[in-house]
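Engineer: predicted structure and sequence below. I'll ask about it afterward.
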Amino acid sequence: MLIDINAYVGHWPFMQLKHNTCDALHERMNKFGVDISVISNLNGIFYKNTQSANEELFEEIRSKAKFRDRFIPFAVINPIYAGWRDDLDVCINKYGFKGVRIYPKYHDFEILDPSCIELVKRVRDFGLPVVFNFRMVDSRQRSWIDISNLKNNVIREWNLKSILPIIKAVPDAKYMILNFANAATLNAEEMALIKKTDLLFDTSGRTITNMSDFLKNYGPDKFAFGTHSPILDYLTGLLRIESLSPGEADETIKEMLRSGNAKKLLAI
Amino acid sequence: MSDYINRRKFVSRTALSAAGLLVSDQIMGIPRSGTLEDTMSSEIPVSSYNLMKDVMKYRKLDSHVHAHLFDGGPEGNVSFADRLGIDKMYISLPAYSGEGTPKEFRSYNDLMLKCMKQYPDRLVGQFTLNAIFQKESLEEIKRCVDLGMVGLKVYTQLKINDPLFYPIIEKMIDLKMIIHMHAYAQLGLGGYRMKYNIGIRPQTSIPEDFVEIAQKYPEAMFQYAHIGGGGDWEYACKMFAKYPNIYVDTSGSNNAENMIDFAVKCLGEDRLFFGSDNCYYQSVGKILASNLTETQKKKVFFDNYNSILKKSGRNVD
């Protein structure tokens, strides 16, 4: 069984995306053997009022019965925008969303902003995961009107150390840290924090140049299949798992990566 | 209606149970909706796609890869070649740092020759040079070709259209070998939109430089490095649409969903080479996930680069 913990529908304003609707993603899943996708709406990154994007996703999933058992929707919440607490409540209690994606850089707040900490704690109290990304796209190919994240500018791509402060602030929350990019080196204390946290990385990110090494360093319980689709291709995240030799990962570990770890974190 | 719901539940739950999954309505959360037609379509089974079988189905020549640069010696290269079914890797070590003196580029080529000797069936070298040192560079081409290397790989010491490159290009035309140049399309780099200047490698070749030199030497063959290297691949592919002697390799850490399809749309199916730039997973994944036909995938993975090698008699059987 395969669960993709990192997929989207919606638009990216600076580049045309393919396979970016529930219908198209559903076809993709059937073609390549993916049973379930955790999805959110990319439009929520760009709408000032993210709840409009959550409503779009809710309606799209609800529009066809075939989507119901295949998609696990996550909300996009901006904790410094009016009404976010109500939005969170609606998304979880009315729409049935199962997690929350947070975009501090795109929504222009610090990761330790008190509102961000409050949001993470509220999601934790629902027993659901919060999601942070290292990045959405490679800053080297950014549009001139995307956020400024090149060298010498204020907002740069995150590495793992950039995300640690929120984990340290709310260590008992559940986290998904997606599209692993940039430096992965941690000191012993930081690695201990990662290991004791209920946390998953997905397998879509470019920093994972040798999956076997990452399994050794972080542990096989810290990774789950993810595509970052439709921004990244649909198969690379899976190839990192399936090309592991039996000596690097036996079938038990591969099943953890394909779906076991995701099911555990998502409590399904 | 109740029959339909029951049948739907039976169908979907049977399928999901068989897959080891039974997710309750409460867990999935979204209230029920949809039409009968929609419901029937949920019966389409998830395919039993076998990724590694698909990976191993295609022969592969890696047209852009390095040894002793990012991730150690040739053992790592060959290990990934075995893992992903790559027949041969065309390795290089350009003057990534330092001045690129003749002593330096000869030593880099010697290192690649040593790798070739270690894995004669798997690794073939692309030689490097620095055209600032004209005489030594031309001598180095002869030395390396005589020792079995194929093709030139150059870096950012000079732009590809610098007049100092002209004698090198003319020599490569004589040899019927391709000129593989590091390149980029990025804001603030190499002369493009320099108000965003990021302060590195001003001599990096940009797509416009390739077009200029390709027009000057239509009989030469140029390989624009790594459309997946982080730069704007749409920009590069559009720029090259009308220049048949510019080829692109698909290597690099970026594996945008539509990259390969867009490149074929712009350049046709004969001007893309499979390459990894040591980003092995992405390099294979993005081609397999594309909408290319079987024949087109075969061309990109193997045939296109082999056709270039054939011109100098260095192709793979």
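Structural biologist: Right, received. Where do you want to start? Residues are numbered from 1 along each chain as shown, chains lettered A, B, ... in the order given.

Engineer: what's the burial count for B:Lys298?
Structural biologist: 17 (other C-beta atoms under 10 Å in any protein chain shown). Every C-beta, even on glycine, is put in place using the N, C-alpha and C of the backbone.

Engineer: need the contact partners of the one helix or strand it maps to.
Structural biologist: B:Lys298 belongs to helix B:294-298 when assigned by DSSP states H and E. Residues outside helix B:294-298 that contact it (C-beta atoms under 8 Å, 6 or more residues apart in numbering or on different chains): B:Tyr58, B:Arg59, B:Val264, B:Glu269, B:Ile287, B:Leu288, B:Ser290.

Engineer: buried ones in that helix?
Structural biologist: Using 16 or more other C-beta atoms under 10 Å in any protein chain shown as the test for burial, helix B:294-298 gives B:Gln296, B:Lys297, B:Lys298.

Engineer: again with stretch A:20-36
Structural biologist: Buried residues in stretch A:20-36, counted by 16+ other C-beta under 10 Å: A:Asn20, A:Cys22, A:Leu25, A:His26, A:Arg28, A:Met29, A:Asn30, A:Phe32, A:Gly33, A:Val34, A:Asp35, A:Ile36.

Engineer: tell me where chain B has helices.
Structural biologist: Taking DSSP state H to define them, one finds helices in chain B at B:2-18, B:25-28, B:36-41, B:51-57, B:74-84, B:102-118, B:134-146, B:166-175, B:207-216, B:233-240, B:259-267, B:280-288, B:294-298, B:304-311.

Engineer: might one say that B:Leu129 is in contact with B:Lys153?
Structural biologist: No - here B:Leu129 does not reach B:Lys153: they are 9.1 Å apart, not a contact under C-beta atoms under 8 Å.

Engineer: ok, how many other residues are close to B:Asn245?
Structural biologist: Neighbour count for B:Asn245, taken as other C-beta under 10 Å: 18.

Engineer: widest-spaced pair of the contacts of helix B:294-298?
Structural biologist: B:Arg59 and B:Val264 (18.9 Å; C-beta to C-beta).

Engineer: show me where pLDDT drops low in the chain?
Structural biologist: No chain was given, so I picked chain A. Applying pLDDT under 70 to chain A picks out residues A:149-155.

Engineer: try again with chain B
Structural biologist: Applying pLDDT under 70 to chain B picks out residues B:1-45.

Engineer: skipping adjacent residues, who's closest to B:Gly230 in space?
Structural biologist: A:Arg140 (3.8 Å; C-beta to C-beta, 6 or more residues apart in numbering or on different chains).

Engineer: okay, now the closest residue to chain B within the stretch 51-200 of chain A: neighbour count?
Structural biologist: Residue nearest to chain B within the stretch 51-200 of chain A: A:Gly96 (1.9 Å; C-beta to the nearest C-beta). Residues lying near A:Gly96 (other C-beta under 10 Å) number 20.

Engineer: please enumerate the strands of the stretch 101-250 of chain A.
Structural biologist: Under the criterion DSSP state E, counting those that start in this stretch, the stretch 101-250 of chain A carries strands at the ranges A:129-133, A:174-178, A:198-202, A:223-224.

Engineer: related to what we said a few turns ago, touching, the residue of the stretch 51-200 of chain A closest to chain B and A:Pro73? I think so.
Structural biologist: Yes - with contact defined as C-beta under 8 Å, A:Gly96 reaches A:Pro73; the gap is 7.4 Å.

Engineer: looking at the helices of chain B, which is buried most?
Structural biologist: Highest mean neighbour count of the helices of chain B: helix B:280-288, a mean of 28 (counted as mean count of other C-beta atoms under 10 Å in any protein chain shown).

Engineer: quick one: buried residues of the one helix or strand A:Ile61 maps to?
Structural biologist: Taking DSSP H and E as the definition, one finds A:Ile61 inside helix A:51-62. Using 16+ other C-beta under 10 Å as the test for burial, helix A:51-62 gives A:Gln51, A:Ala53, A:Asn54, A:Glu55, A:Glu56, A:Leu57, A:Phe58, A:Glu60, A:Ile61, A:Arg62.

Engineer: so how far is stretch A:179-191 off the chain centroid?
Structural biologist: Centroid separation for stretch A:179-191 versus its chain: 17 Å, with C-alpha atoms, centre = their mean, to the nearest Å.

Engineer: ditto for stretch B:245-260
Structural biologist: Chain-centre distance of stretch B:245-260: 5 Å, with C-alpha atoms, centre = their mean.

Engineer: follow-up on the earlier one: and of the contacts of helix B:294-298, the nearest to chain A?
Structural biologist: B:Leu288 (5.2 Å).

Engineer: and the closest residue to B:Val150 other than its chain neighbours, how many neighbours?
Structural biologist: Residue nearest to B:Val150 in three dimensions, not counting chain neighbours: B:Arg314, with 4.5 Å by C-beta to C-beta, 6+ apart. Neighbour count of B:Arg314, defined by other C-beta under 10 Å: 19.

Engineer: please report how far B:Arg314 lies from chain A.
Structural biologist: Counting by C-beta to the nearest C-beta, to the nearest Å, the gap from B:Arg314 to chain A is 29 Å.

Engineer: next, the contact list for that residue, please.
Structural biologist: Taking C-beta under 8 Å, 6+ apart, we find B:Arg314 in contact with B:Val124, B:Val150, B:Met177.

Engineer: what of B:Ile132?
Structural biologist: Taking C-beta under 8 Å, 6+ apart, we find B:Ile132 in contact with B:Gly100, B:Gln157, B:Leu158, B:Leu164.

Engineer: same thing with A:Pro13?
Structural biologist: Contact analysis of A:Pro13 by C-beta under 8 Å, 6+ apart lists A:Phe46, A:Ser143, A:Ile145.

Engineer: which one of these sits closest to A:Ile208?
Structural biologist: The closest of the contacts of A:Pro13 to A:Ile208 turns out to be A:Ser143 (C-beta to C-beta; 25.9 Å).

Engineer: contacting residues for that closest one?
Structural biologist: Counted by C-beta under 8 Å, 6+ apart, A:Ser143 has contacts A:Pro13, A:Phe14, A:Met15.
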